[in-house]
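# give the three-dimensional model of this entry:
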Amino acid sequence: MTMTLGSFPRLLEPGIRSIFGNAYKEYPMYSSKIFETRNSDKNAETSVQITGFGLARRKESGAEITMDNAKQGYSNRVAHTTWALGYRITEEARDDNQYKQTIGRLTPMLARSMRATKEIVGHNLLNRAFDTGYTYGDGVALCSAAHPTEGAGLQSNVAAIAAEISDAAMRAMYYQARQARDDKNIPIDFRMKNIIAHVTKELEIKEILKSDKLVNTNYNNINVWNDGLVKGVICTPYLTSASAWFMQTDCPDGLIMYKRKGLVVDVDTDFNTKDVVVTARERYSHTVNDWRAIYGNAGV
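I've put the predicted structure just below:
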């Protein structure tokens, strides 16, 4: 697909008052706040879980000490994907365009597309969090009530009751995450790193977190969320569901973006046609190792 004189017919004429549509303000990179970025020098990355030990056993006088096994749990492998886009524009379209600054804006617009692509690819882990068709190392959906564990049975990181985000729903999710257990059923001290929700929930979340008193009640209770129980709020337009929302914990080895190759922009001229060809490409992957990094509510 080549941009020719016909791609910008009005730009061949002088007298146009303004040219718009290519200078919009961009959202911040939400995926970089949600995912931990790690560099990679391989085609794919594999992570392996190691289960620890269970509780100590009572030892009677003269009896042997009980032995336990730490062993390999599930593994998670992700292959990197190259994402690329470009444009080609003829020499005549460049020469005859009366507004040369427009051509200069095409490459930043290309970078904007690459940026949005990365956001969508990363957010797809959350958009598919409740979909059993997308699984990770332990064989179930990212947010599931049936994560298998070595010694603690099935564990859940999904809300028992789907509900719109509210003070009560957030409390339930908070306590669920605070009662997390490892694979040998030992409690884990997780703290809440982020609330992640659709951009249309931004004002409701601010009311819940920032009000001096308990929101939407006649009681005089203090607002416990004001104590910093949740460190950050990410209200993003890249979630496909306006109802689903998540609590991200400080669990290590959780949501990860592997950077295989950063953004590369190449500019070349076709020898035969003199068309200018501009391409952009980037290679990365998004994955999750430990599902305990995110607790989800599908909303209603």
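# contact partners of stretch 160-179?
Stretch 160-179 is contacted from outside by 145, 156-157, 159, 187, 190, 192, 195, 197, 201, 204-205, 208, 214-216, 225, 229, 243, 245, 247, 249, 292, 295, 297-300, using C-beta atoms under 8 Å, 6 or more residues apart in numbering. Any C-beta I mention is one placed from the backbone N, CA and C, and that applies to glycine too.
# what is the rounded mean pLDDT of that stretch?
For stretch 160-179, mean pLDDT rounds to 95.
# the residue nearest to Gly299 when sequence neighbours are not counted: how many residues sit nearby?
Spatially, and ignoring its direct neighbours in sequence, Gly299 is nearest to Ser243 (2.7 Å; C-beta to C-beta, 6 or more residues apart in numbering). The number of residues packed near Ser243 is 17, by other C-beta atoms under 10 Å.
# using the three-state scheme, assign Ser243.
coil (DSSP: H, G, I helix; E, B strand; the rest coil).
# can I assume it is in contact with Val300?
Yes: when contacts are counted by C-beta atoms under 8 Å, Ser243 is listed as touching Val300 (6.0 Å).
# separation between the residue nearest to Gly299 and Ala197?
Per C-beta to C-beta, to the nearest Å, Ser243 is found 9 Å from Ala197.
# swap in Ile222?
23 Å.
# so those two - more neighbours on which side?
Ala197 (25 against 12).
# direction included, what does the strand or helix carrying the more buried one pair against?
Secondary structure from DSSP states H and E places Ala197 in strand 192-198. Paired strands of strand 192-198, with direction, are strand 230-236 (parallel), strand 245-249 (antiparallel) (DSSP bridges).
# point out the most buried one among the ones you listed.
strand 245-249 (a mean of 24; mean count of other C-beta atoms under 10 Å).
# let me have the next helix or strand after it in CSV, keeping just the CA atoms, if that works.
Downstream of strand 245-249, the next assigned helix or strand under DSSP H and E is strand 255-269. Taking Å, rounded to 0.1, in the frame of the first residue of the first chain, the C-alpha atoms of strand 255-269 are listed here in CSV:
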residue,chain,number,x,y,z
LEU,A,255,3.0,-9.7,35.6
ILE,A,256,6.1,-9.4,33.3
MET,A,257,6.9,-7.8,30.0
TYR,A,258,10.0,-9.2,28.3
LYS,A,259,11.7,-6.7,26.0
ARG,A,260,13.5,-8.6,23.2
LYS,A,261,14.1,-5.6,21.0
GLY,A,262,13.2,-2.0,21.5
LEU,A,263,11.4,0.2,19.0
VAL,A,264,13.5,0.5,15.8
VAL,A,265,12.5,3.0,13.0
ASP,A,266,14.1,2.6,9.6
VAL,A,267,13.9,5.1,6.7
ASP,A,268,14.9,4.1,3.2
THR,A,269,14.4,5.1,-0.4
